[in-house]
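Participant: Need coordinates for the following:
(chains A and B)
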Amino acid sequence: MNFSEVFKQSNQLCKVSPDGKYLATCVQYRLVVRDINSLQIVHLYTCLDQVMHMEWSSDSLFILCAMYKRGLVQVWSLEQPDWHCKIDEGSIGLVSSRWSPDGRHILNTTEFNLRVTVWSLCTKAVSYIKYPKACQKGVDFSADGRYMALAERRECKDYISVFVCDDWHLLRHFESETQDLAGLEWSPNSCVLAVWDSCLEYKILLYSLDGRLLSLYSAYEWSLGIKSVAWSPSSQFLAVGSYDEKVRILNHITWKKITEFEHPATIINTKAVVFKEVEKRPTCLVSDEITQLPAQVPVIKPDPDRANPKIGISTLAFSADNRFLATKNDNMPQSLWVWDMQRLSLLAVLEQTAPVRCFVWDPRRPRLALCTGNTKVYLWSPAGCVSVNVPVEGSFQVQSLFWHCSGSSLVLLSKEHVCLCYLNSCFGGPNISHKHITFMSL
Amino acid sequence: MGDWWSPTMMPDPSLDTKELSSISGISMSPSRQNLPHSLHSTMALPKTSYSVISAFCTEENISQCIVYINQEVCSLGLTGVSLESESGGLSAVPVLNLLYEVLQLQRRAQRALHELETQQLKSGSDLEHLQHSTYRLKDQLEHTRRENSGLHEGERQLQLKIKTLQNCLKSEKEEVQKLQSIISSRATQYNHDTKRKERECTKLKERLNQLLMDKRDKKLSIEISNHVGRSDGKRGLWKTGKMEARHEGEMYRALLSDYETRQRSLMMENSELKKVLQHMKEDMITILSPKKPCVKTEPADDSLEQAVSEGEEEAGDRSREGLEQSCEQAREQLTNSIRLQWRKLKSHMERLDSQASLVACQEREGDEVMSRKEREEEMQRMRLELQQCKEFIHMQQQLLQQQLSSPCDEETAALLNDCYTLEEKERLKEEWRLFNEQKRNFERERKNFTEAAIRLGHERKTFEEDRAAWLKTQFLNMTPFVDRKRPALSEPHSALSVDSRFSNSCISDKYCPPNKPHINGKIIYSAFR
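Facilitator: Numbering: from 1, shown residues only, chains lettered A, B, ... in the order given. As a prediction, the model looks like this:
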């Protein structure tokens, strides 16, 4: 593993281009584009205000920089650095801004979710979409980039509009059977739309592309419901994480639950491996060790008087090969659970010394990278677990991380800085320095 | 007590009071007829006592009686009667006093008796009363005990009920608590959402105010240095109905393709599973086939043969099945056959298991199956036999040695020699006999043959003569000389019939012999009669 230099960034705005060649970071009001291999600055752009949101277009030719305070969006071109584009939302304000899948339209959501404005970079045409819903995830593009699903709310009822991204033609508009739609997500094969209700009602609806309701699933009533939803990459499974600390897996043929994954405080499953990060004093070595089962998982009881309690499955992620599912239970924030989707059972539990902040799967291999806000990066694969200390002067507290699209490097973000970690194809290659590895094979 | 007088004279002291009363009764009552009645009533043996009373005091023994009476009275504590009388008789006054005292005594005694009787009666009744009360109390006790146990039982049941009710109450409480917690969490969530919406609302109001007041209205606009080409490089198209239809078509196409891929994958999976099932079935059939030597019992064979035959007939179906992949019947047939095979395999395994257990039982008993022990015994037996044979051979060798080496007399030697060759001699004799017999047979046969040959020669000669004669007659028959024919014809027939017995190429009536007599080098075909 090699670590690169540390660069500055602000607002955790650091994105790799979709083609994997460039790394764009925002430093206050400047946009810095670097080459990913040499990390040399290729382009430097200056925006009008502090950038709040930055996004690459899908063809890696343009970068969008949104400044919400000023209601401005600036678009920069990589091919032609002197090309400029500025979108002013005017007095109506700006809450969010995003690219369309073709990389030629920008969708701005105005303040108070009054409307979504669709700006075209090809023509100067503007389209409006009224009554978008302000919810956890109200807009989703299909994986092939052809359709967009938008949640709307009119007269206290939820509606879903399906647009063709080509020309923003409204394909379907139908009422959703949710009480209060919280989010929607396309399946990776773009044929099914999963729509789920707010946490007050456990309800997940599955709509076909043409607007027909395929299925409705509700596990229980009255208690707080769905917290997170994730599709498996093959569209075979739909994982639903809820406040009752369970993940329910639905299958794509019957849309019925095939299994549920529990997150008990005591793990007695003999086939699972528990990796525990242990602080060993006085040398202050922190290493992973495999603990004996039955193992206890540290639980933090949430405050019952607060809304959106810190309990339940808040994050779900499938591995790229569809074989593993990583889950995080909010009242066991230091543990990460990895499930084997072939056997539908618990495979490993990673217990850290601090709450897990971020975990992402390698887009190519079944490899999981996670960080807990300390100076280490943790990697898990079916072969074992590795923890690497970021060898930077001063401490580099890893707040979040993401993989490069090729899976060969990790981008680590701390509060103010960004660092790249180059991994060899084999797990824990020979050029390792400054780190404590405990390599465990099962 | 007083002296005993003679039984006729002396009264029984125990009968004193009663006697006296009777005496008084006697002296006072005018009628004597009452006496026997009263006597009957008061005494057991009235007559005897009367006689006794009358016997106590007579004219003669007055003084004795007086003395006796005095004695008795003294013993009772009363003043005696004095015999102070002039004439020797009793003065009536002391006697009457005495009598009166005695009567008093008697009355007192009677009163005491009466009192005692009443007391006895009283105590008897008391006793009875007490007994009754005891019984009653016992009954009561029994009754109360039963009541008590009944009450205990009732109490226990009530306790149980209490417990169950408490459990119910606990569960209800728990449920209530759960519901309450749910309600509270929902309430907090609602509150939170409401607050958020309210905040948004106020922000909206503020913004509206601001906008209303703000004169300078910033228009939304886009500044773009130059238009960018479309990502796919094509020109933009107008929105027309055809476009809409195209979009619809594309959407449905996408859906259809997805369904098709899914169906294809499912069908592939299905066919793979079917193949697996087929293989499983075939494997099962091979496992259950009767060629396996471990199969023992008869019914197993029958079922196996049946299974094999079924498998064979289904093998024919298999080819058909491959074609009708999604056919309902084929699927059902396959699954049914798999199930059948599986059941057979299971029953076969069970049978094998039972047999194995049976064999194990039998081994434990040590009956039919050759256990190690028996094998060892047989080995032992064989070793023993071997030993014996060896010994026998050794013995024989010894004897032979002895025979060869030891010098024995001629007679025994001759005898021994004779013994050794006895068998051979016997055999030879037998063979000679056979040989002789055969020789005799041969001789006989040869003789027969020669006789036959001679006879044959003779007969041939006669036949030839007959023939010649017959031919002659025939020849002559052609001429008008008819009479000579017949006697010549009769003979050759008889000669012919005798010949037929001996020769191979027999001369039948109709058959013409191969070595036909050549008459003058010419074969004359003539019909026989």
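Participant: hang on, A:N113 packs against A:V95?
Facilitator: Yes - counting by C-beta atoms under 8 Å, A:V95 is a contact partner of A:N113 at 6.8 Å. Glycine gets a C-beta too; all of them are placed from N, C-alpha and C.
Participant: Could you find the closest non-adjacent residue to the residue in the stretch 51-200 of chain A that chain B sits nearest to?
Facilitator: Here the stretch 51-200 of chain A gets closest to chain B at one residue, A:G90, 3.7 Å apart by C-beta to the nearest C-beta. Residue nearest to A:G90 in three dimensions, not counting chain neighbours: B:L220, with 3.7 Å by C-beta to C-beta, 6 or more residues apart in numbering or on different chains.
Participant: Report the contact partners of the one you found.
Facilitator: A:D88, A:E89, A:G90, A:I92, A:T117, A:V126 (C-beta atoms under 8 Å, 6 or more residues apart in numbering or on different chains).
Participant: And for B:Q120?
Facilitator: Contacts for B:Q120 were tallied using C-beta under 8 Å, 6+ apart; there are none.
Participant: measure A:I87 to A:S97 for me?
Facilitator: Per C-beta to C-beta, to the nearest Å, A:I87 is found 8 Å from A:S97.
Participant: One more: B:T462?
Facilitator: Noted for B:T462: a distance of 152 Å to A:S97, by C-beta to C-beta.
Participant: Those two: which has the busier surroundings?
Facilitator: Neighbour comparison, B:T462 and A:S97: the larger count goes to A:S97, with 26 against 16 (by other C-beta atoms under 10 Å in any protein chain shown).
Participant: Need the pLDDT of the more buried one.
Facilitator: Per-residue pLDDT puts A:S97 at 94.
Participant: And B:A468, by the same measure?
Facilitator: The per-residue pLDDT reported for B:A468 equals 93.
Participant: go on, A:E221?
Facilitator: You'll see A:E221 listed with a pLDDT of 87.
Participant: The spatially closest residue to it that is not a sequence neighbour: neighbour count?
Facilitator: For A:E221, ignoring the flanking residues on the chain, the nearest one in space by C-beta to C-beta, 6+ apart is A:Y202 at 7.1 Å. Neighbours of A:Y202 under the rule other C-beta under 10 Å: 23.
Participant: quick one, phi/psi of A:Y202?
Facilitator: With angles defined as degrees, to the nearest 10, A:Y202 sits at phi -80, psi 100.
Participant: State the three-state secondary structure for the residue in chain A that chain B sits nearest to.
Facilitator: Across chain A, the shortest distance to chain B (C-beta to the nearest C-beta) belongs to A:A307, at 3.3 Å. At A:A307, secondary structure determined by DSSP: H, G, I helix; E, B strand; the rest coil is coil.
Participant: And the pLDDT at the one residue in the stretch 251-400 of chain B that gets nearest to chain A?
Facilitator: Here the stretch 251-400 of chain B gets closest to chain A at one residue, B:D258, 4.2 Å apart by C-beta to the nearest C-beta. B:D258 is assigned a pLDDT of 90 by the prediction.
Participant: Quick one: residues contacting it.
Facilitator: If a contact means C-beta under 8 Å, 6+ apart, then B:D258 has A:N189, A:S190, A:C191 as its contacts.
Participant: who's in contact with the residue of chain B found nearest chain A?
Facilitator: Proximity of chain B to chain A (C-beta to the nearest C-beta) peaks at B:H192, 3.3 Å away. Applying C-beta under 8 Å, 6+ apart to B:H192 gives the contacts A:A307, A:N308.
Participant: any idea of the mean pLDDT for the host helix or strand of it?
Facilitator: Using DSSP states H and E, B:H192 sits within helix B:92-213. Mean per-residue pLDDT for helix B:92-213: 92.
Participant: Could you list the residues of the stretch 201-350 of chain A in contact with chain B?
Facilitator: Residues of the stretch 201-350 of chain A lying near chain B by C-beta under 8 Å from any C-beta of the partner chain: A:208-210, A:222-224, A:252-253, A:304-309.
Participant: so which two of these are the farthest from each other?
Facilitator: Greatest spatial distance among those (C-beta to C-beta): A:D210 and A:D305, at 44.7 Å.
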